[in-house]
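*Asks:* The amino acid sequence is not available; the structure is as follows:
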């Protein structure tokens, strides 16, 4: 299984932003045009892009679907999209706009049958498991459910999903390093592919995640956002670290 670097684009009011620990009051705008940001990530050699409609995550309404559709139709690589996907219709609308994989968080917890309804139809789904101290939070991270991340990860093993995306909310946007202990517990709890998210602030963090394992199982990838926008990590370097056997390109090469 390849380790995939997923550069992230979080969208609020049509702009590319980052939050701190999911706090909408601590929003920072990094690019007025998410489409150009996506094209840049693709030009650097990314194989996937992770997009989140943060407005939809909070309201459940598809606030930025037109921009997401433009990203999907413009970039030459697949994108996965999450944020406020709480019905079959909202998921289908994203697939219809060219999205390769939909990430479902709140609805996966509140209505697990939705997941199998989509996978039975051949749609690609990842389950977003966002936790505070190992317990699931939903609806834009506002509601604490009490469910353990490890329990929820195991629950979806036979659902046909591609992966679970595990975010430690307390690390998200902090650049303080990933929650390796929690990620290792999730790896041990499920046979599903596990994608890490939250806290990555350096190439060393990526190297740590590459080496993380439990019972000979390793992570399937990592989502990185703020560290790219704050120039703590160069995307080319991250991609090359994750694939040392075939360097993607060197900094001094012409694009």
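*Replies:* Thanks, I have it. In this text the structure is predicted, and so the values were computed from the model without any measurement. Numbering: from 1, shown residues only.
*Asks:* counting contacts, what elements does the helix or strand bottoming out on mean pLDDT in the chain pack onto?
*Replies:* For the chain, counting by mean pLDDT, DSSP states H and E, strand 23-31 ranks last in confidence among helices and strands (a mean of 81). Packing contacts for strand 23-31, counted by 3 or more Cβ pairs under 8 Å, 6 or more residues apart in numbering; DSSP states H and E, involve strand 15-20. All C-beta spots, glycine's among them, are computed from the backbone N, C-alpha and C.
*Asks:* what's the angle between the strand it packs on and strand 23-31?
*Replies:* 140 degrees (axes from the mean of the first three to the mean of the last three Cα atoms, to 10 degrees).
*Asks:* related to what we said a few turns ago, can you name the next helix or strand after the least confident helix or strand of the chain?
*Replies:* Counting by DSSP states H and E, the next helix or strand C-terminal to strand 23-31 is helix 34-44.
*Asks:* Next, the angle strand 23-31 makes with that following helix.
*Replies:* 60 degrees.
*Asks:* For helix 34-44, give me every contacting residue.
*Replies:* For helix 34-44, contacts defined as Cβ atoms under 8 Å, 6 or more residues apart in numbering pick out 7, 9, 11, 14-16, 30-31, 49, 51, 67, 70-71, 74-77, 79, 235-236, 239, 248, 255.
*Asks:* Run the chain-centre distance for the next helix or strand after it.
*Replies:* Going down the chain from helix 34-44, the next helix or strand is strand 49-53, by DSSP H and E. Put simply, strand 49-53 sits 7 Å off its chain's centre (Cα atoms, centre = their mean, to the nearest Å).
*Asks:* Could you spell out the sheet neighbours of strand 49-53, each with its direction?
*Replies:* Strand pairing for strand 49-53, determined by DSSP bridges: strand 4-12 (parallel), strand 79-82 (parallel).
*Asks:* who touches that strand?
*Replies:* 6-11, 34, 38, 41-42, 62-65, 68, 71, 75, 77-84, 103, 223.
*Asks:* Filter these down to the buried ones and express that as a PyMOL selection.
*Replies:* To isolate the buried members of these in PyMOL, using 16 or more other Cβ atoms under 10 Å:
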select buried, resi 6+7+8+9+10+11+34+38+41+42+62+63+64+65+68+71+75+79+80+81+82+83+84+103+223
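*Asks:* Residue 240 - how many residues pack around it?
*Replies:* 19 (other Cβ atoms under 10 Å).
*Asks:* Relative to residue 230, how far out is it?
*Replies:* 20 Å (Cβ to Cβ, to the nearest Å).
*Asks:* Tell me the buried residues in the least confident helix or strand of the chain?
*Replies:* Buried residues in strand 23-31 (16+ other Cβ under 10 Å): 24, 30.
*Asks:* partner strands of that strand, parallel or antiparallel?
*Replies:* strand 15-20 (antiparallel).
*Asks:* chain center to the strand it pairs with: distance?
*Replies:* Centroid separation for strand 15-20 versus its chain: 14 Å, with Cα atoms, centre = their mean.
*Asks:* Tell me which residues of it come out buried.
*Replies:* Result for strand 15-20 [16+ other Cβ under 10 Å]: buried residues 15, 16, 17, 18, 19.
*Asks:* would a markdown table of those residues with pLDDT and distance to residue 1 be doable?
*Replies:* What follows is those, written out as a markdown table (pLDDT from 0 to 100; distance: Cβ to Cβ, whole Å):
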| residue | pLDDT | distance to residue 1 |
| --- | --- | --- |
| 15 | 95 | 34 |
| 16 | 91 | 29 |
| 17 | 90 | 31 |
| 18 | 79 | 28 |
| 19 | 78 | 30 |
